[in-house]
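# quick one, fold the following:
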Amino acid sequence: MHLIASSSPAMLTALQRAYQQHKPIVVTLWSPHWAFTKYKLKYLSDPQHVFGQSG
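Residues are numbered from 1 along each chain as shown. Reported below is the predicted structural model:
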């Protein structure tokens with residue numbers, strides 16, 4: 001896996017490309033985000049709370 005720092009538009013372009021090619025991709029999106037309505041996405045678990053805690 002490779003972490004690529006980029007802009008939001010570039011990340012969403014990569015998401016669209018991977019989704020169309022049925023390839024796995026991990027992106028960092030906030031919630032709510034419109035991409036969840038356009039694509040069938042799921043949350044990954046974050047047991048160490050690297051991305052913070054909700055609530």
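# which of the helices or strands spans residue 43?
For residue 43, there is no enclosing helix or strand under DSSP states H and E.
# any low-confidence regions in this structure?
55 (pLDDT under 70).
# 90 instead, please
1-5, 28-32, 43-47, 49-55 (pLDDT under 90).
# need the longest helix for this structure.
helix 8-20 (DSSP state H).
# list the buried residues of that helix.
Of all the residues in helix 8-20, those buried under the rule 16 or more other CB atoms under 10 Å are 11, 12, 15. C-beta: built from backbone N, CA, C; applies to glycine.
# can you tell me how far the residue nearest to the last one when sequence neighbours are not counted is from residue 44?
What that stands for is residue 15. Closest residue in space to residue 15, ignoring its immediate chain neighbours: residue 27 at 5.2 Å, by CB to CB, 6 or more residues apart in numbering. In this view, residue 27 and residue 44 are 10 Å apart by CB to CB, to the nearest Å.
# those two: which is more packed in?
More crowded of residue 27 and residue 44, by other CB atoms under 10 Å: residue 27, with 14 against 7.
# list the contacts of the more buried one.
Under the criterion of CB atoms under 8 Å, 6 or more residues apart in numbering, the neighbours of residue 27 are 11, 12, 14, 15, 35.
# the second one touches residue 35, doesn't it?
Yes: the pair residue 12 / residue 35 is scored as a contact, 6.6 Å apart, by CB atoms under 8 Å.
# hmm, back to that, now the common contact residues for residue 27 and residue 44.
By CB under 8 Å, 6+ apart, no residue touches both residue 27 and residue 44.
# what about the most centrally placed residue in the chain, distance to residue 52?
For the chain, the residue nearest the mean C-alpha position is residue 27 (2.4 Å; CA atoms, centre = their mean). Using CB to CB, residue 27 is found at 16 Å from residue 52.
# residues contacting residue 15?
Per CB under 8 Å, 6+ apart, neighbours of residue 15: 25, 27, 35, 39.
# against residue 3, how distant is it?
Distance from residue 15 to residue 3, by CB to CB: 15 Å.
# and residue 19, by the same measure?
In terms of CB to CB, residue 19 sits 19 Å off from residue 3.
# and residue 44, by the same measure?
14 Å.
# again with residue 33
19 Å.
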